[in-house]
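Undergrad: Pasting the sequence and the predicted coordinates here, then a few questions.
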Amino acid sequence: MKDIRVFLLSYSNTKALQQAITSLQLIIQRVEGITVIDVPDFLFEVFDSVTTQPKAEYVKLNNNNLGKTLNDYIKEQSCEYVLFLYDQDYLNKNITEEQLGLNNKKNVMTYQYTIKDKTIQRPFLVRTCFLKQNMFFQNNEIPFKEAIMPSWLSQVDPSYVVPESKSIVSQLSKDATTSNFEKIKFIEKYQTNLFNPIIKPSIAVMISNYNMADYVGTAINSCFLQSSPPEQILVVDDGSTDESYKALEKWIFHPKFKFLSKKNGGKARALNELLPYIETEFIVELDADDWLDPDAISVIKNYLRNLADDVAVLYGNLRAWKQMSSGKVKYKGIRKGSQVLNKKELLSYIFPLGPRIYRTFSLKENKGFPIIDFEDGRMYEDVSILNDLLRKNRLLYKDFTIYNVREHELSITKKNPSTWSDFLKLLN
């Protein structure tokens, strides 16, 4: 009975792909076909002349989008199951054809993948009908393609999931580079289960978007993929001229999502448009090209529970990633924060202070973000508001890292030639 379609994903070298294909002989009586997706061009050339039984189909990504490509191909499948193997994976001799099945109450079988001290669950065997009803996120909705399968799994009801009965998947080698390990650490947080989530204080996320169609979906989805979701997600589009609306419209009917659109006027004006809609005690500012860790809101709420009344802003550390031209992101390191006590220390801070979690009362009492004469109020709005809040309140640093900064060429601070010294001359 040939009832399994095998998908081999993102194999990076010839030896690993050959090992994976060879290992499928262990279940060959069940394999209806093999689809190889997202491999380097040189592997297409190598395997063009290789004959496999059954014949392997080699597929290039649709617009470099693994999630969309998978969704498109799964729609066409008629077999009962889909089996996933990933770069360096192969089936070992522990597997038997009889193991590959799910009872009526289960839809997903997973297996464990471990690097150093971090273990994540990966989808392995999935009912095809379940995949057609529960599609994968697309590349512009998750921070890196390695998160596509785990983020999907995090949305599956645990009662539908069963782990493999014994270790049946091995790896030829493991990528333990710093960048990949940081991705695994991030992915592991998708698996966080909060038995007693912190309800109070209430918290929202606000995002101002301007021409970040490629990235804003990741920012918003990182809010929805929280182990403890925020009470509100407020987004304003500041007169974008790209295809941002296509990235934003997916969520416009969600009850927690509020979307506004306005003529372009700069980030400070855009964020001020959101102020009347904030109903929570605190609000996190998230840039449209950045994203939050899956446990960010629960971590933040834990620090906010005992926050002194005179603290207007809580902040921590930033995790930096470099956006590569290939579409990949590379880990750059942690930008460790420090305590800011006065204006002098604020203005000498060596990178943007963040993440910034504002007390809503303080933000509204200040009448929002100030619009200063420098660049018509379009630059350094973060420093302007923090400078205002410091006059009556404290800023508080805590050592936590839940905010991810994307370094890329479209950043407005990179495109704008105005100097910091010019800004300081106009700052009160």
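TA: Now that the structure is in, tell me what you want to look at. Residues are numbered from 1 along each chain as shown.
Undergrad: For the stretch 101-250 of the chain, give me the ranges with low pLDDT.
TA: Applying pLDDT under 70 to the stretch 101-250 of the chain flags the ranges 194-195.
Undergrad: That one: strands as residue ranges?
TA: For the stretch 101-250 of the chain, the strands defined by DSSP state E, counting those that start in this stretch occupy 108-115, 118-127, 161-163, 169-171, 203-209, 232-238.
Undergrad: Kindly compare burial across those and name the winner.
TA: strand 203-209 (a mean of 26; mean count of other C-beta atoms under 10 Å). (C-beta placed from N, C-alpha, C; glycine too.)
Undergrad: so it versus strand 232-238, what angle?
TA: Relative orientation of strand 203-209 versus strand 232-238 (axes from the mean of the first three to the mean of the last three C-alpha atoms, to 10 degrees): 10 degrees.
Undergrad: mind starting the numbering at 49 from now?
TA: Sure thing, new numbering starts at 49, so read that last one as strand 251-257.
Undergrad: So what touches strand 251-257?
TA: 264, 267-268, 271, 278-286, 288, 292, 296, 315, 318-319, 322, 326-336, 340, 345, 348-349, 352, 405, 408 (C-beta atoms under 8 Å, 6 or more residues apart in numbering).
Undergrad: Quick check: the closest residue to Pro88 other than its chain neighbours vs Leu362, distance?
TA: In space, and not counting its chain neighbours, Pro88 is closest to Ser60: 6.6 Å by C-beta to C-beta, 6 or more residues apart in numbering. Ser60 sits at a distance of 41 Å from Leu362 (criterion: C-beta to C-beta, to the nearest Å).
Undergrad: More neighbours: those two, which one.
TA: Ranked by neighbour count (other C-beta atoms under 10 Å), Ser60 and Leu362 place Leu362 first, with 22 against 13.
Undergrad: what are the phi and psi values for that one?
TA: Backbone geometry at Leu362, expressed as degrees, to the nearest 10, gives phi -100, psi 140.
Undergrad: hang on, the earlier thing: ok, which of the strands of the stretch 149-298 of the chain comes nearest Lys391?
TA: Closest of the strands of the stretch 149-298 of the chain to Lys391 is strand 251-257, at 24.6 Å (criterion: C-beta to C-beta).
Undergrad: Give me the distance from the closest one to the chain's centre.
TA: Centroid separation for strand 251-257 versus its chain: 16 Å, with C-alpha atoms, centre = their mean, to the nearest Å.
Undergrad: what does stretch 296-305 give?
TA: Centroid separation for stretch 296-305 versus its chain: 17 Å, with C-alpha atoms, centre = their mean.
Undergrad: Next: stretch 285-295.
TA: On C-alpha atoms, centre = their mean, the centre of stretch 285-295 falls 20 Å from that of its chain.
Undergrad: Need the contact partners of that stretch.
TA: Stretch 285-295 is contacted from outside by 188, 256-262, 264-265, 296, 307-315, 317-318, using C-beta under 8 Å, 6+ apart.
Undergrad: One more pass at 6 Å, please.
TA: Contact with stretch 285-295 is made by Ser256, Asn257, Tyr258, Asn259, Ala261, Val264, Gly265, Ser309, Lys311, Asn312, Ala318, as judged by C-beta atoms under 6 Å, 6 or more residues apart in numbering.
Undergrad: and those residues, which two are the farthest apart?
TA: Using C-beta to C-beta, the contacts of stretch 285-295 reach their maximum pairwise distance at Gly265 and Lys311, which is 22.7 Å.
Undergrad: Among the two, which residue is more densely surrounded?
TA: Shown here are Gly265 and Lys311; by other C-beta under 10 Å, Gly265 has more neighbours (24 against 8).
Undergrad: pretty sure that one contacts Glu189?
TA: Yes - between Gly265 and Glu189 there is a contact at 4.4 Å, judged by C-beta atoms under 6 Å.
Undergrad: For the residue nearest to Ser207 when sequence neighbours are not counted, give its distance to Phe178.
TA: Excluding its sequence neighbours, the residue lying closest to Ser207 (C-beta to C-beta, 6+ apart) is Lys153, at 7.3 Å. Distance, Lys153 to Phe178, by C-beta to C-beta: 12 Å.
Undergrad: okay if I get the strands of the stretch 149-298 of the chain as TSV plus distance to Leu394?
TA: Formatted as TSV, those follow (distance: least, C-beta to C-beta, whole Å):
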stretch	distance to Leu394
strand 156-163	39
strand 166-175	36
strand 209-211	47
strand 217-219	48
strand 251-257	21
strand 280-286	25
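Undergrad: closest to Lys103 out of these?
TA: Across the strands of the stretch 149-298 of the chain, the minimum distance to Lys103, taken as C-beta to C-beta, is reached by strand 166-175, at 21.6 Å.
Undergrad: how far does the closest one sit from the chain's center?
TA: In terms of C-alpha atoms, centre = their mean, the centre of strand 166-175 is set 18 Å apart from its chain centre.
Undergrad: got the angle between that strand and strand 156-163?
TA: Between the axes of strand 166-175 and strand 156-163, defined by the same axes, to 10 degrees, the angle is 160 degrees.
Undergrad: picking up where we left off before, quick one: neighbours of the residue nearest to Ser207, just the number.
TA: Look at Lys153: counted by other C-beta under 10 Å, it has 8 neighbours.
Undergrad: Leu443 is in contact with Val388, isn't it?
TA: Yes - at 5.1 Å, Leu443 counts as touching Val388 under the criterion of C-beta under 6 Å.
Undergrad: Domain-wise, how is the chain divided?
TA: 52-239, 251-474 (automatic domain parsing).
Undergrad: start to end distance for the longest one?
TA: Domain 251-474 has an end-to-end distance of 33 Å (C-alpha to C-alpha, to the nearest Å).
Undergrad: ok, now stretch 57-68?
TA: For stretch 57-68, the first-to-last residue distance is 11 Å (C-alpha to C-alpha).
Undergrad: before we move on, what about stretch 70-81?
TA: Using C-alpha to C-alpha, one end of stretch 70-81 lies 13 Å from the other.
Undergrad: Distance-wise, check the residue nearest to Ser207 relative to Pro206.
TA: 12 Å.
Undergrad: Other residues contacting stretch 120-134?
TA: The list of residues contacting stretch 120-134 from outside it, by C-beta under 6 Å, 6+ apart, reads 51-57, 68, 80, 171, 173-174, 176, 179.
Undergrad: try stretch 341-361
TA: Stretch 341-361 is contacted from outside by 237-238, 240, 246, 249, 273-276, 278, 330, 362, 404-407, 410, 437, 441-444, 446, 448, 450, using C-beta under 6 Å, 6+ apart.
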